[in-house]
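Participant: need a structure here:
(one chain, ligands or ions: 1)
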Amino acid sequence: MTAQTLSGKELAASIREDVTLRVAELTASGRPVRLAVVTATEDESSAWYVRAIAKAAAKVGITCDIADLGSKADRQKISDTLVALSADPAVHGIILQTPLPEGLTLEELGSAIAPEKDVDGANPLSLGRLAAGLPAFAPATAEAVVTILEHYDVPVSGRHAVVVGRSTVVGKPAAHLLLDRHATVTVCHSRTADLAAVTSQGEILVAAVGRAGLITADHLKDGAVVIDVGTNPTPDGGLVGDVDAAAAERASAMTPVPGGVGPVTTALLLRHTAEVAERA
Ligand SMILES: Nc1nc(=O)c2c([nH]1)NC[C@@H]1CN(c3ccc(C(=O)N[C@@H](CCC(=O)O)C(=O)O)cc3)C=[N+]21
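Facilitator: Presented below is the predicted three-dimensional model:
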């Protein structure tokens with residue numbers, strides 16, 4: 001067997017198309033849509049992502065402001081910036097990029113983002129609301145996982161989904177979103193004793209660890225649907241996921257990297273921003 005490719009490109013394009021129409025309507029009625037990206041890092045892949053967001057925003061008619069605070073920015077500076085953007089009625093969505101300067105975490109700085117503008121679910125309140133089944137924005141990457149499953153009509157209800165990775169931005173929120181859709185969810189991580197024994201139970205496997213090729217064919221249940229969230233840069237300037245290419249022999253369907261979860265993530269971020277503007 002070789003796995004069906006669950007491409008995210010066309011799905012992302014159709015999400016952007018919907019957002020374009022919604023933004024055009026808002027703009028025509030004198031309500032232009034604005035997204036602010038706050039960054040404090042020189043990390044190359046983060047810089048790539050910021051450019052990708054700016055480009056995609058421009059395509060759908062959203063103005064994207066980038067506040068580059070530099071990698072020496074301190075807690076106060078970042079927090080003040082987020083508080084000011086939160087209070088600015090012209091700004092609808094706010095994203096704080098990771099990685100952050102040494103010693104600072106998204107978990108604590110995210111609290112400075114107004115929950116109603118928290119389009120990447122960085123405020124711990126958003127995760128709490130998500131866990132409680134209340135309306136909130138999920139981190140776009142976690143939402144991309146379930147959006148792809150839904151788009152390709154992969155049944156989730158009653159099935160066993162195994163999430164590898166317990167980060168606040170992907171693993172935990174993805175587990176909640178899958179639970180909401182009535183999956184039986186197992187979360188495993190770097191200290192899981194026998195990782196392959198756990199992952200090989202997953203009819204759906206979500207890999208969100210950030211380690212190239214960590215998940216091999218031996219980790220999979222036959223016919224598993226695999227969502228690869230990893231975006232690991234290779235020495236030659238390429239990008240690979242957390243799942244080894246040979247795993248496609250065992251999976252029934254698999255998202256590619258690049259071209260899978262990534263483009264859907266960016267598109268959802270824009271959709272969230274348009275939603276905020278519609279509510280305003
Ligand atoms: N608060 C926060 N939230 C994030 O979601 C976040 C972040 N910080 N910091 C940086 C990482 C990185 N990230 C990516 C998203 C999409 C692609 C993506 O679309 N990649 C393309 C290909 C890129 C290429 O070819 O180089 C693809 O997968 O097809 C990549 C990386 C989100 N991040």
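
Participant: so residue 209 makes contact with residue 230?
Facilitator: Yes - with contact defined as CB atoms under 8 Å, residue 209 reaches residue 230; the gap is 6.5 Å. Just so you know, the C-beta spots here come from the backbone N, C-alpha and C atoms, and that holds for glycine as well.

Participant: any shared contact partners between these two?
Facilitator: Counting by CB atoms under 8 Å, 6 or more residues apart in numbering, the shared contacts of residue 209 and residue 230 are residue 242.

Participant: Let me see the backbone angles for the nearest residue to residue 98 once chain neighbours are set aside.
Facilitator: Leaving aside its chain neighbours, residue 98 sits nearest to residue 106 (5.4 Å; criterion: CB to CB, 6 or more residues apart in numbering). Here is the backbone geometry of residue 106 (degrees, to the nearest 10): phi -60, psi -30.

Participant: What does the pLDDT read for residue 106?
Facilitator: Note on residue 106: pLDDT of 97.

Participant: Am I right that it is in contact with residue 122?
Facilitator: Yes - with contact defined as CB under 8 Å, residue 106 counts as touching residue 122 (5.4 Å).

Participant: any residues in contact with both of those two?
Facilitator: The contact sets of residue 106 and residue 122 overlap at 96, 169 (CB under 8 Å, 6+ apart).

Participant: Show me which of the two is the more surrounded one.
Facilitator: Taking other CB atoms under 10 Å, residue 106 and residue 122 do not tie; residue 122 has more neighbours (27 against 21).

Participant: interface residues of this structure facing the ligand?
Facilitator: 45-46, 48-49, 52, 95-98, 106, 120, 122, 140-141, 169, 231, 239, 257-259, 262-263, 265-266 (CB under 6 Å from any ligand atom).

Participant: mind listing which of those residues are in strands?
Facilitator: Members of the residues of the chain next to the ligand lying in strands (criterion: DSSP state E): 95-96, 239.

Participant: Of all residues in this structure, which one is closest to the ligand?
Facilitator: residue 262 (2.4 Å; CB to the nearest ligand atom).

Participant: And that residue, what's its pLDDT?
Facilitator: 97.

Participant: all strands of the chain, in order?
Facilitator: Under the criterion DSSP E, strands of the chain are mapped to 4-5, 34-39, 63-68, 93-96, 160-164, 184-188, 204-207, 225-228, 232-233, 239-240, 253-254.

Participant: Could you dump the ones you listed into TSV and include mean pLDDT?
Facilitator: Listed next are the strands of the chain as TSV, based on pLDDT from 0 to 100:
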stretch	mean pLDDT
strand 4-5	98
strand 34-39	98
strand 63-68	98
strand 93-96	98
strand 160-164	98
strand 184-188	98
strand 204-207	98
strand 225-228	98
strand 232-233	92
strand 239-240	94
strand 253-254	98
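
Participant: tell me which residues in stretch 170-182 are buried?
Facilitator: Neighbour counts over stretch 170-182 (16 or more other CB atoms under 10 Å) mark 170-178, 181 as buried.

Participant: Good, wrapping up.
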